[in-house]
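S.K.: sharing a sequence plus its predicted fold:
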There are 2 protein chains.
Amino acid sequence: MARAAASPEDLLSGAVGGDRASLARVLSLVERGGGPARAVARAVAGALDGRGERAYTVGITGSPGAGKSTLTSALIDVVRARGERVAVLAVDPSSPFTGGAILGDRVRMGDHALDDAVFVRSMATRGHLGGLAVAAPEAVRVLGSAGFHWVLVETVGVGQVEVEVAGQTDTTVVVVNPGWGDAVQAAKAGLTEIADVFVVNKADRPGAAEAEADLRRVLELSGAAGSWRPPILRTTATRGEGVAGVWEAVRRHRDEQAASGGLDERRRRRAADEITRLVGARLLERSGAITAGDRAAELAAAVARGDTDPWTAADELLAAAAPDP
Amino acid sequence: MARAAASPEDLLSGAVGGDRASLARVLSLVERGGGPARAVARAVAGALDGRGERAYTVGITGSPGAGKSTLTSALIDVVRARGERVAVLAVDPSSPFTGGAILGDRVRMGDHALDDAVFVRSMATRGHLGGLAVAAPEAVRVLGSAGFHWVLVETVGVGQVEVEVAGQTDTTVVVVNPGWGDAVQAAKAGLTEIADVFVVNKADRPGAAEAEADLRRVLELSGAAGSWRPPILRTTATRGEGVAGVWEAVRRHRDEQAASGGLDERRRRRAADEITRLVGARLLERSGAITAGDRAAELAAAVARGDTDPWTAADELLAAAAPDP
């Protein structure tokens, strides 16, 4: 007998009730986007309403090989030792050339596979507009409604999108290593702008003090705004050393933001970005229809011949579809 | 006395006349996008019209460290030995974590720095929608109008965008190396779909024959459509070995496509993609205005509180801005 497909709403109810398989399926819907993702979003807003069941998000980003995944796994241990529930959203790379690191990371996360208070999920970029940037915050809301009040957003990849997603969190942890001007790289990449907490991981290697001093200089030069000054912590995540201190810093940052009202402001700004992305995505959907007709094919041929330029062609199609309001 | 700023049209005239500084400035306008890029596009279409001054583009892509830049430099030597002019468009990574490879690549290209018949240009992704995917084809048209009838589009980065841009060329060369399942990686990354010519570079290392055999199997399994079967060539680009053969294969692919009409079809399809991207970009510009008002700020606060979902908020703003046609 065929089983009736569960609706997004039913799946969410299951997830809220603690069913992990339902939770996984809801997150797949969110990842895929479109109508079902939308239905999930509406249901989540209904579930959240008034109950305040939302996750506090901690982004973990940094250069490849910095030990982000090991630190994430060690942070899970710290959170679990406090008796709290935690989810990990691992943002996968968009690069087609990834080696074997991801599998290894996931296997390591397997230490927590039998723990019902831990949920680990990878999300891949889909290449389509706003894909991950739209899906990740929704996934966080889903996890919050399912009772995971801490969500660690770990970037596996090194692309701009992954870094952006990690920066779109309540507290952003940037991981660097001792050696070869990592601090300077971080500064160039704009990571000092998004960092709320700095971690010098692999601190048992030579150069940890120098890396910390470099970072401190970069921070002084950048002249951090606001009252929070990003602390710089040293860890050896493979042995769990210093990891409790990182979590302490995250909690202090949370408390400071909650007291100052900065957290609400930050979340409003993120919500505004999210809406803007969705507006853009909806407009782009319309562009598919606009560029599908016979005239569009003629214009493409004209551009290919060099008879006209693509901007002029685009404008003609836009004007034909709907005049500017 | 202040010098009047040259118009995009004047700069293009200079570039067409052989002035390299003007050419560089035109390409900067194209890279930056917006109104000036548009003026360049219109002027280029005017310059191209009827004169057929367009470049044949050769994409060069593959995994990091495969030797793409060395192969590109060696191909320049081959083209120059034939007395032809050639430009290189090096598509830079979008990753903020790039090491020192780019500088090294550019220095190597410096072998050709004094040759007026060679022009090398890096283009960076700007992160904004369609940035590089829109700018690269326009840059190719500019280079063609400036008399560079061969343009090698080399990807420096490993992101999806860079691979896409390299695939959006008249002939796409995919570079792999002997060892550790590179052929399988290439297949997984969809590179076998875009490859017109395969190169096993660093063929002096062990495993070159196996890499070639692996690739052949992947190609057989994928069942290439059309009459062209991608050849697999071995090179040791650092010593120039096998590079002339790669160029022969590129020229054969060009001749075959020109004879079959496949080239025109390919270029029409690319022009259609380009128009679609620009339509999308123009629609996104409108989204900025849509999400700027007081009501947008209220909706962001409501989403942040969990009172509504971002899709519903986006729809309300879209409906207020302009009803669906």
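M.R.: Received the coordinates, thanks. Numbers count the residues shown, from 1 in each chain, chains lettered A, B, ... in the order given.
S.K.: ok, so what distance separates A:Ala21 from A:Ala146?
M.R.: 12 Å (CB to CB, to the nearest Å). In short, each C-beta sits where N, CA and C put it, glycine included.
S.K.: these two: which has the busier surroundings?
M.R.: Shown here are A:Ala21 and A:Ala146; by other CB atoms under 10 Å in any protein chain shown, A:Ala146 has more neighbours (27 against 10).
S.K.: ok, now which ones touch that one?
M.R.: A:15-16, A:18, A:23, A:119 (CB atoms under 8 Å, 6 or more residues apart in numbering or on different chains).
S.K.: A:Glu248: neighbour count?
M.R.: 14.
S.K.: now do the contacts for it.
M.R.: So A:Glu248 contacts nothing (CB under 8 Å, 6+ apart).
S.K.: okay, and it sits in which element?
M.R.: helix A:243-260 (DSSP states H and E).
S.K.: in that helix, what's buried?
M.R.: Buried positions in helix A:243-260, judged by neighbour count with 16 or more other CB atoms under 10 Å in any protein chain shown: A:243-247, A:249-250, A:253-254, A:256-257.
S.K.: export the residues you listed to a markdown table and tack on distance to A:Ala133 and pLDDT?
M.R.: Output for the buried residues of helix A:243-260, formatted as a markdown table (distance: CB to CB, whole Å; pLDDT from 0 to 100):
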| residue | distance to A:Ala133 | pLDDT |
| --- | --- | --- |
| A:Val243 | 29 | 97 |
| A:Ala244 | 32 | 97 |
| A:Gly245 | 31 | 98 |
| A:Val246 | 26 | 98 |
| A:Trp247 | 27 | 98 |
| A:Ala249 | 26 | 98 |
| A:Val250 | 23 | 98 |
| A:His253 | 23 | 97 |
| A:Arg254 | 23 | 96 |
| A:Glu256 | 27 | 95 |
| A:Gln257 | 22 | 94 |
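S.K.: tell me which of the residues you listed is nearest to A:Ala55?
M.R.: Using CB to CB, A:Arg254 comes nearest to A:Ala55 of the buried residues of helix A:243-260, at 11.7 Å.
S.K.: center of chain A - which residue?
M.R.: Central residue check for chain A by CA atoms, centre = their mean: the C-alpha nearest the mean position is that of A:Val165, 3.4 Å away.
S.K.: quick one: it and B:Arg229, what's the gap?
M.R.: 41 Å.
S.K.: pLDDT on stretch A:47-64, on average?
M.R.: Throughout stretch A:47-64, pLDDT has a mean value of 77.
S.K.: how near is the nearest residue to A:His149 once chain neighbours are set aside to chain B?
M.R.: Spatially, and ignoring its direct neighbours in sequence, A:His149 is nearest to A:Ala55 (5.6 Å; CB to CB, 6 or more residues apart in numbering or on different chains). Distance from A:Ala55 to chain B, counting by CB to the nearest CB, to the nearest Å: 11 Å.
S.K.: pretty sure A:Ala55 sits against A:Ala87.
M.R.: Yes: between A:Ala55 and A:Ala87 there is a contact under CB atoms under 8 Å: 7.3 Å.
S.K.: what touches both of the two?
M.R.: In contact with both A:Ala55 and A:Ala87: A:143, A:148, A:150-151, using CB under 8 Å, 6+ apart.
S.K.: can you name the two of these that are farthest apart?
M.R.: Among those, A:Leu143 and A:Trp150 lie farthest apart (CB to CB), at 9.2 Å.
S.K.: tell me which of those two has more neighbours.
M.R.: Per other CB under 10 Å, whichever of A:Leu143 and A:Trp150 has more neighbours is A:Leu143, with 28 against 23.
S.K.: could you list the buried residues of the helix or strand hosting A:Ala45?
M.R.: A:Ala45 is part of helix A:34-48 when elements are defined by DSSP H and E. Using 16+ other CB under 10 Å as the test for burial, helix A:34-48 gives A:36-45, A:47-48.
S.K.: check those against chain B, which are close?
M.R.: Contacts with chain B are made by A:38, A:41-42, A:44-45, A:48 out of those, judged by CB under 8 Å from any CB of the partner chain.
S.K.: pipe these into a markdown table and attach distance to A:Ala81 per row.
M.R.: Shown next, in a markdown table, are these (distance: CB to CB, whole Å):
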| residue | distance to A:Ala81 |
| --- | --- |
| A:Arg38 | 38 |
| A:Ala41 | 34 |
| A:Arg42 | 37 |
| A:Val44 | 29 |
| A:Ala45 | 33 |
| A:Leu48 | 28 |
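S.K.: worst-scoring helix or strand of chain A, pLDDT-wise?
M.R.: Lowest on mean pLDDT, DSSP states H and E among the helices and strands of chain A sits helix A:101-109, with a mean of 45.
S.K.: and the helix ranked longest in chain A, does that touch chain B?
M.R.: The longest helix of chain A (DSSP state H) is helix A:262-290. Yes: counting by CB under 8 Å from any CB, contacts between helix A:262-290 and chain B involve A:264, A:267-272, A:274-276, A:278-280, A:282-284, A:286-288, A:290.
S.K.: give me the buried subset of those.
M.R.: A:267-268, A:270-272, A:274-276, A:278-280, A:282-284, A:286-287, A:290.
S.K.: which strand or helix spans A:Glu212?
M.R.: Secondary structure (DSSP H and E) places A:Glu212 in helix A:208-222.
S.K.: what packs against that helix?
M.R.: On a contact count with 3 or more CB pairs under 8 Å, 6 or more residues apart in numbering or on different chains; DSSP states H and E, helix A:208-222 meets helix A:182-188, helix A:191-194, strand A:197-200, strand A:232-234.
S.K.: those: lowest mean pLDDT?
M.R.: Among the helices and strands packed on helix A:208-222, helix A:182-188 scores lowest, at a mean of 62.
S.K.: residue boundaries of the helices in the stretch 51-200 of chain A?
M.R.: A:68-81, A:101-109, A:131-145, A:160-167, A:182-188, A:191-194 (DSSP state H, counting those that start in this stretch).
S.K.: can you tell me the closest non-neighbouring residue to A:Thr235?
M.R.: Closest to A:Thr235 by CB to CB, 6+ apart is A:Gly242, at 3.6 Å.
S.K.: dump the residue contacts of A:Val250.
M.R.: Counting by CB under 8 Å, 6+ apart, A:Val250 touches A:58, A:171, A:173, A:197.
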